[in-house]
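Q: no sequence on hand, only this structure:
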Ligand code: FUB
């Protein structure tokens, strides 16, 4: 029988799930996670062990209700341009349609962003024939703003290939900036009204410290690595992301969707497992962090479980740091 999700516990245990993008659609919480598989591929910094092949959508009526797994919403074999590795997805609602955005490697093993559509938030989703023209790298997160303009944020270092695109073309040998140079930022592009293409050229987001100085590549406690998410709170844009090698979820704030964003602090301390990836959503009058860890699998990096916990803001709009293992 489906179980009720408790804070800081795996919300489902019958499958491994990761990279949760949570949204409130039709009054319920819908979660769009990666579906982790126990693939027999050695782990490396390229993330080859993350060999996911499909997506399942999960939903909750509220936090007192059981979690529903709506089954397979999209499979790799149904997406003509995809070769492998369906990584962290997101979903958005506009034009009376639900859109699933997902990264995957194309036939040349270059990460691209795809879109699939459905009339139902749980899918199944019908993919477009090809990836979004001009898209690259991983971890799309979509914000439909209050004025109905939609933005997709994306990018990830190392296996996410963001370093390879610094010239605007894919360079398989390109490396990231030197430690003393500004870190690479996530990318933002406004989406077309039909949500299927970029309306504007993708542009790099600048993340700066309180003095306006760019966060440097060597500042691994604060620099962007992957897993961007943008939510709005009191009219401001909060960009949160994983710092990768230091395993934090941190955030920066701007009064514009494209930034620049000013670094503010840490949201989540490191979890069990190498990756950390999250989303932030308001449900009724509270705010929640959805995240993952590898506790259920005993620390296996590619066998992760989605969890949630409440997040709290201070009076000045800053977010209180969460230690995921200090609460029950
Ligand atoms: O799940 C595969 C990758 O691991 C995601 O795309 C990253 O954000 C990291 O969580």
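A: Thanks, I have it. Not measured: the values here are computed from a predicted model.

Q: who in the stretch 51-200 of the chain is up against the ligand?
A: Counting by Cβ under 6 Å from any ligand atom, the positions of the stretch 51-200 of the chain adjacent to the ligand are 87-88, 138-139, 156. Backbone N, C-alpha and C define where each C-beta goes, glycine included.

Q: next: the stretch 201-328 of the chain.
A: Within the stretch 201-328 of the chain, the positions adjacent to the ligand are 226-227, 275, 277 by Cβ under 6 Å from any ligand atom.

Q: can you list these in a markdown table and add neighbour count and secondary structure?
A: What follows is these, written out as a markdown table (neighbours: other Cβ atoms under 10 Å; DSSP: H, G, I helix; E, B strand; the rest coil):
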| residue | neighbour count | secondary structure |
| --- | --- | --- |
| 226 | 27 | strand |
| 227 | 29 | strand |
| 275 | 23 | coil |
| 277 | 28 | coil |
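
Q: from the residues you listed, pick the one nearest residue 268.
A: Residue 268 lies nearest to residue 277 out of those, by Cβ to Cβ, at 10.0 Å.

Q: that closest one reaches residue 228, doesn't it?
A: No: in this structure, residue 277 is not within contact of residue 228 by Cβ atoms under 8 Å, at 10.0 Å.

Q: shared neighbours, these two?
A: The contact sets of residue 277 and residue 228 overlap at residue 139 (Cβ atoms under 8 Å, 6 or more residues apart in numbering).

Q: related to what we said a few turns ago, can I get the residues of the stretch 201-328 of the chain next to the ligand in a markdown table with pLDDT?
A: Output for these, formatted as a markdown table (pLDDT from 0 to 100):
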| residue | pLDDT |
| --- | --- |
| 226 | 98 |
| 227 | 98 |
| 275 | 98 |
| 277 | 98 |
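
Q: how close does residue 299 sit to residue 150?
A: 37 Å (Cβ to Cβ, to the nearest Å).

Q: those two: which is more packed in?
A: For the pair residue 299 and residue 150, the greater number of neighbours falls to residue 150 (22 against 12), based on other Cβ atoms under 10 Å.

Q: low-confidence regions, the stretch 1-150 of the chain specifically.
A: 1 (pLDDT under 70).

Q: now do the helices in it.
A: In order along the chain, the stretch 1-150 of the chain carries no helices (DSSP state H, counting those that start in this stretch).

Q: what ranges do the strands span in it?
A: Along the stretch 1-150 of the chain, the stretches classed as strands by DSSP state E, counting those that start in this stretch are 16-25, 28-36, 54-60, 68-75, 82-84, 90-94, 97-106, 111-118, 126-127, 141-144, 150-154.

Q: next, the angle strand 97-106 makes with the second one.
A: Translated: strand 28-36. Taking axes from the mean of the first three to the mean of the last three Cα atoms, to 10 degrees, strand 28-36 and strand 97-106 form an angle of 10 degrees between their directions.

Q: ok, how many other residues are close to residue 315?
A: That count, for residue 315 with other Cβ under 10 Å as the rule, works out to 5.

Q: how close does it get to residue 235?
A: In terms of Cβ to Cβ, residue 315 sits 16 Å off from residue 235.

Q: ok, the spatially most central residue of the chain - contacts?
A: Nearest to the geometric centre of the chain sits residue 227, at 4.2 Å (Cα atoms, centre = their mean). Applying Cβ under 8 Å, 6+ apart, we find residue 227 in contact with 19, 88, 139, 156, 241-242, 249, 275-278.

Q: got phi/psi on the nearest residue to residue 47 once chain neighbours are set aside?
A: Take residue 47 and drop its neighbours on the chain: the residue closest to it by Cβ to Cβ, 6 or more residues apart in numbering is residue 159, 3.3 Å away. Torsion angles at residue 159 (phi, psi; degrees, to the nearest 10) stand at phi -60, psi -20.

Q: I'd assumed residue 49 was in contact with residue 159.
A: No: the pair residue 159 / residue 49 is not scored as a contact, 9.6 Å apart, by Cβ under 8 Å.

Q: separation between residue 121 and the ligand?
A: 21 Å (Cβ to the nearest ligand atom, to the nearest Å).

Q: surely that residue touches residue 58?
A: No: using Cβ under 8 Å, residue 121 makes no contact with residue 58, being 10.9 Å away.

Q: residues that sit against both of the two, list them.
A: residue 30.
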